[in-house]
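> 3D model of this:
(2 chains)
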Protein chains: 2
Amino acid sequence: MSSLLPILGKLILSSGFRPNNITCQRLLRTTNIIMSQDKFQGKSDRFRGITVTSHEEVCPSDQFEGKLQVSLSDWKQNGVRGVWFYVGLEQSDWVPVLVKNGFIFHHARPDRVALVKWLPEDQDNQIPPYAHHMVGVGGMVINEKDDILVVQEKHSFGPHWKLPGGYVDPGENFAETAVREIKEETGVDTEFNSVIAFRHSHNYNYGCSDIYVITHLTPKVSEITKCDREIAACQWMPLTEYMEHPLVHETNRFFARKFLENRRMGVAITLHETMLKIKQFERKQNIYTLGVTGNEPSKANL
Amino acid sequence: MSSLLPILGKLILSSGFRPNNITCQRLLRTTNIIMSQDKFQGKSDRFRGITVTSHEEVCPSDQFEGKLQVSLSDWKQNGVRGVWFYVGLEQSDWVPVLVKNGFIFHHARPDRVALVKWLPEDQDNQIPPYAHHMVGVGGMVINEKDDILVVQEKHSFGPHWKLPGGYVDPGENFAETAVREIKEETGVDTEFNSVIAFRHSHNYNYGCSDIYVITHLTPKVSEITKCDREIAACQWMPLTEYMEHPLVHETNRFFARKFLENRRMGVAITLHETMLKIKQFERKQNIYTLGVTGNEPSKANL
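Down below sits the predicted model:
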């Protein structure tokens, strides 16, 4: 489009006439047709895909379908495989037009939805599905007297002594989630030590699978300041009592037994922070694996 | 709506007149107005939310906005908090209307998008975000000669000996993913033993965080049948060579060292399958924690 408008401008100027109202309308109509037949630029990726982001290539609703069809035809001829449209809230009237032209939904975030169309007719769709795992962290906060910090939730099915914790925020590490959630729910500042277990199961919220990471932390204070919005009760309870308490379910008792067993052996699932380097590319990694905790093992072996 | 149509029908019949064309048009218009002012039923949840699923409450495009506004006003009066619309591809013209009425995107799957509006004006939005973790599994398949099964990917940045593996399918357990992906890529049938490590890092595909589960498996056969679409090369390599090979990056060498270390100690991150039972509710759980592998520890302690 950007290359056509100056040409039209030059045509008008070089023609030496003063355009009247009707001529202007005709010119505008011509420009609109050319604009609507112009194609989306998008961004290419290494899988021969194209991504169009609506707020980067704004297009009036009445010109969108023409421009889309010109683009699709051009991309198909040029061997493009996956075509992505990231559509912001402001351009949500693109959505029904994209669907009419064979796009399906892929994923969404509060301010935009991603639709995709796989062009090659002789190859299966090779686009990986979006994330379908929710990740939460629970914290076993255990003080020097072997008391554990426990909570009862406000919106639960029934009274139950649970571990403080919650969902991982985008970009957050498990240790950060544990420290943040424990502080929010109970007011207790803590320090992360290790992971006790990972629990994986299916068909939770929004039909997603769920990974629950159980961590061991040391409290820095003993005073509790309960979050009234989420938490009905909060207290320190002797670990021995927690392991027998009727309002503690079997999975949490299992985690408590594992904590004691690991401590007795001086081992744990420890965190190893490394940098992944591939050529110019660098990324921080958190690796959780079997390791020594620094506690003296109290038995020769398992 | 269902309760109003019979009343209209009775009114027509009891009035004793034969409606002409104009009368019919008037009646249809009246019916349309009443229909459009009728509200969506939706399904309630324990958080005082309402979910409307488009294919369960089909509504013509020209009546959608009226019916939506009547519904929103009614729900607001009745203390409803989160309002969800699950919109299928066939009703995608609801999307711009929902956005115009204050809805934002929440998540999407190929055949539908979920939009949400938080109604209480005196409370913060308490709706948890959708899943933002991709989960993949890699397999260290090690035979009785201590050879490891390694692959080079077809669409990679450069030649690199990697572990076979891939993304978890919805509802799949890590062991199932490992066995399936190894079979798909290399043709080798395997048996799952344990988890060696979990790696967690951020800003991967679609901007999601990524959990990579490294598993240890035993091959049932030695013959390789490479997947030509995904894999450029595939072979057995002595584990000692793998740990020094220039085309193996440091993270994978670390996993190999951890594997040997765990084997020497006779421990691993083992899988413990349990049932979670809360009243009538039952759910299978996979718990990964420190455990004994059954191998004799070759050292007294760590």
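> Strands along chain A, start to end?
Using DSSP state E, the strands of chain A run over A:43-44, A:50-53, A:82-88, A:104-109, A:112-118, A:133-141, A:147-153, A:165-167, A:190-201, A:209-219, A:231-238, A:267-278, A:281-292.
> I'd like those as a markdown table, with mean neighbour count, distance to chain B and mean pLDDT appended.
To be clear about C-beta, it is placed using only N, CA and C from the backbone, and glycine gets the same treatment. Output for the strands of chain A, formatted as a markdown table (neighbours: other Cβ atoms under 10 Å in any protein chain shown; distance: least, Cβ to the nearest Cβ, whole Å; pLDDT from 0 to 100):
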| stretch | mean neighbour count | distance to chain B | mean pLDDT |
| --- | --- | --- | --- |
| strand A:43-44 | 11 | 14 | 95 |
| strand A:50-53 | 20 | 11 | 97 |
| strand A:82-88 | 22 | 9 | 97 |
| strand A:104-109 | 23 | 4 | 96 |
| strand A:112-118 | 22 | 5 | 97 |
| strand A:133-141 | 24 | 4 | 97 |
| strand A:147-153 | 21 | 12 | 96 |
| strand A:165-167 | 20 | 6 | 96 |
| strand A:190-201 | 21 | 4 | 97 |
| strand A:209-219 | 22 | 7 | 97 |
| strand A:231-238 | 15 | 14 | 95 |
| strand A:267-278 | 16 | 6 | 87 |
| strand A:281-292 | 17 | 4 | 89 |
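> Take the ones you listed and lay them out in CSV including distance to residue B:235.
Converted to CSV, those look like this (distance: least, Cβ to Cβ, whole Å):
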stretch, distance to residue B:235
strand A:43-44, 33
strand A:50-53, 36
strand A:82-88, 31
strand A:104-109, 36
strand A:112-118, 32
strand A:133-141, 32
strand A:147-153, 50
strand A:165-167, 42
strand A:190-201, 31
strand A:209-219, 33
strand A:231-238, 55
strand A:267-278, 21
strand A:281-292, 26
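> Those strands: which one's closest to residue B:50?
strand A:104-109 (19.4 Å; Cβ to Cβ).
> if I pick residue A:270, what's in contact with it?
By Cβ atoms under 8 Å, 6 or more residues apart in numbering or on different chains, the residues touching residue A:270 are A:194, A:195, A:288, A:289, A:290, A:291, A:292, A:293.
> mind putting the residues you listed in CSV, distance to residue B:280 included?
What follows is these, written out as CSV (distance: Cβ to Cβ, whole Å):
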residue, distance to residue B:280
A:194, 35
A:195, 31
A:288, 34
A:289, 38
A:290, 37
A:291, 40
A:292, 43
A:293, 40
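> can you list contacts of stretch A:78-96?
Contacts for stretch A:78-96 (Cβ under 8 Å, 6+ apart): A:42, A:47-55, A:58-59, A:61, A:64, A:72, A:75, A:98, A:103, A:106, A:111-120, A:123, A:126-127, B:92-93, B:95-96, B:99, B:104-105, B:113.
> swap that for stretch A:45-61, please
A:40-44, A:67, A:71, A:75, A:79-88, A:90-91, A:93-94, A:112, A:126, B:155.
> How about it, which residues are buried there?
Within stretch A:45-61, the residues scored as buried using 16 or more other Cβ atoms under 10 Å in any protein chain shown are A:49, A:50, A:51, A:52, A:53, A:54, A:57, A:59.
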